[in-house]
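Visitor: the sequence and its predicted three-dimensional model are supplied below.
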Amino acid sequence: MITVKDQQVRRVLMTADTVGGVWSYVKELANQFQRRGIEIALATMGPPPDRQQRQEIVSLGNVELFESSYKLEWMDDPWGDLEEAAEWLLELEILTHPDIVHLNGYIHAAFPWHAPVVVVGHSCVCSWFDRVKNSDIPVSWQYYQSRVREGLRSADCVIAPSVSMLSLLKKHYGEFAPSSVVYNGRSVDCFNPTLKETFVLTAGRVWDEAKNISTLVKSASKIGWPLIVAGEHGEIGDLASQSVTFLGRLAEDDLAVWISKAPIFALPAVYEPFGFSALEAGIAGCALVLGDI
């Protein structure tokens, strides 16, 4: 059982979005909370969960799902939505009586919560520009930076999935609340190695420069084995090749099948604070070819 100042934590109000690794993180954490008798009131923002995602989260049994479509803080001009979302979240706190508020974002930590607030810094716009573009954020993002700084300084505790990510947060936002590194983890059940086949697998958003998958795709003809790409790819255009198969976005169970069959998993990322795909591939017995970050 988790405790806060000697008080047992039985209920958590948690925010999430359905885009990228946060959803996998929330599911994994919810599964572990269930084993410890902890309930979650899960408030989603951004694109609503699809049917598969709703089934995944509700099937856990310890999650009550509250959906919204408010913009996420890294989206274009989100500020009106963020204010409305704050009112909604504060009402949810009154409704659900959590022992802890767990925010998978930054800005809402600055609002007047009653319960202690934990902020988890999975990634951020400033560190993306730092590592991907090797530059400071554009002037148009400076207000975002100031609001994130305010959120980090308002939290009771800040958690990051790596020492590197925590260091980047302090670099771009200054000193803030007590902080800790809690590494991401994955349950081993879904990623069992099977008979390996002859292909190289990569996974991630092809259009995201941070993943650097386009470099891998452009080199595919020199690899010698077919390259299988799982993840959103948008317009493939010049990346189309006989050596490459694009699977598109896969459900987690389907991706797990591909990972289990893959002998090699490659991800030459220049910025990857989550690391879930490499972790899953390692669990499944893949050889890992990764960016040196």
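Guide: Looks like it arrived, so ask away.
Visitor: Ala284 and Val26, how far apart?
Guide: Ala284 sits 22 Å away from Val26 when distances are taken as C-beta to C-beta, to the nearest Å. (Glycine included, C-beta is placed from N, CA and C.)
Visitor: same deal with Trp225?
Guide: Shown here: Trp225 relative to Val26, a distance of 34 Å by C-beta to C-beta.
Visitor: give me the more crowded residue out of those two.
Guide: For Trp225 versus Val26, neighbours defined as other C-beta atoms under 10 Å are more numerous around Val26 (25 against 13).
Visitor: and that one, what does it touch?
Guide: By C-beta atoms under 8 Å, 6 or more residues apart in numbering, the contact set of Val26 is 14, 16, 42, 57, 104.
Visitor: for Leu247, state which of the residues you listed is nearest.
Guide: Closest approach to Leu247 among the contacts of Val26 (C-beta to C-beta): Ile57, at 23.4 Å.
Visitor: if you count contacts, what does the lengthiest helix in the chain end up packed against?
Guide: Among the elements of type helix in the chain, defined by DSSP state H, the one spanning the most residues is helix 79-96. The helices and strands touching helix 79-96, judged by 3 or more C-beta pairs under 8 Å, 6 or more residues apart in numbering; DSSP states H and E, are strand 11-17, strand 39-45.
Visitor: list the buried residues of it.
Guide: With burial defined by 16 or more other C-beta atoms under 10 Å, the residues of helix 79-96 counted as buried are 81-82, 85-86, 89-90, 92-93, 96.
Visitor: ok, of the residues you listed, which one's closest to Val181?
Guide: Nearest to Val181 among the buried residues of helix 79-96, with distances taken as C-beta to C-beta, is Leu89, at 25.9 Å.
Visitor: now do the contacts for the closest one.
Guide: Going by C-beta under 8 Å, 6+ apart, Leu89 touches 13, 15, 43, 108, 111.
Visitor: could those residues be laid out in CSV, adding distance to Ser277 and pLDDT?
Guide: Compiled in CSV, the contacts of Leu89 are given as follows (distance: C-beta to C-beta, whole Å; pLDDT from 0 to 100):
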residue, distance to Ser277, pLDDT
Leu13, 28, 98
Thr15, 23, 98
Ala43, 26, 98
His108, 28, 98
Phe111, 33, 97
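Visitor: PyMOL command for the buried members of these?
Guide: The following PyMOL command selects only the buried members of these, with burial defined by 16+ other C-beta under 10 Å:
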select buried, resi 13+15+43+108+111
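Visitor: between the contacts of Leu89, which is closest to Val257?
Guide: The closest of the contacts of Leu89 to Val257 turns out to be Thr15 (C-beta to C-beta; 30.5 Å).
Visitor: could I get the average pLDDT for stretch 180-188?
Guide: Along stretch 180-188, the predicted local confidence has a mean pLDDT of 91.
Visitor: quick one: the strands in the protein?
Guide: For the chain, the strands defined by DSSP state E cover 3-4, 7-8, 11-17, 39-45, 63-67, 100-103, 117-120, 157-160, 179-181, 200-203, 227-230, 244-248, 264-267, 287-290.
Visitor: export the ones you listed to CSV and tack on distance to Cys126?
Guide: Below are those laid out as CSV (distance: least, C-beta to C-beta, whole Å):
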stretch, distance to Cys126
strand 3-4, 29
strand 7-8, 35
strand 11-17, 18
strand 39-45, 20
strand 63-67, 29
strand 100-103, 18
strand 117-120, 15
strand 157-160, 14
strand 179-181, 16
strand 200-203, 25
strand 227-230, 28
strand 244-248, 30
strand 264-267, 22
strand 287-290, 23
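Visitor: re the thing from before, quick check: the farthest pair among the contacts of Val26?
Guide: Of all pairs drawn from these, the widest gap by C-beta to C-beta lies between Ile57 and Asn104 and measures 13.6 Å.
Visitor: what residue ranges in the stretch 151-293 of the chain score low on pLDDT?
Guide: Counting by pLDDT under 70, the stretch 151-293 of the chain contains low-confidence residues at 234-241.
Visitor: my guess is Trp23 contacts Ala16, does it?
Guide: Yes. Contact between Trp23 and Ala16 holds when scored by C-beta atoms under 8 Å: they sit 6.5 Å apart.
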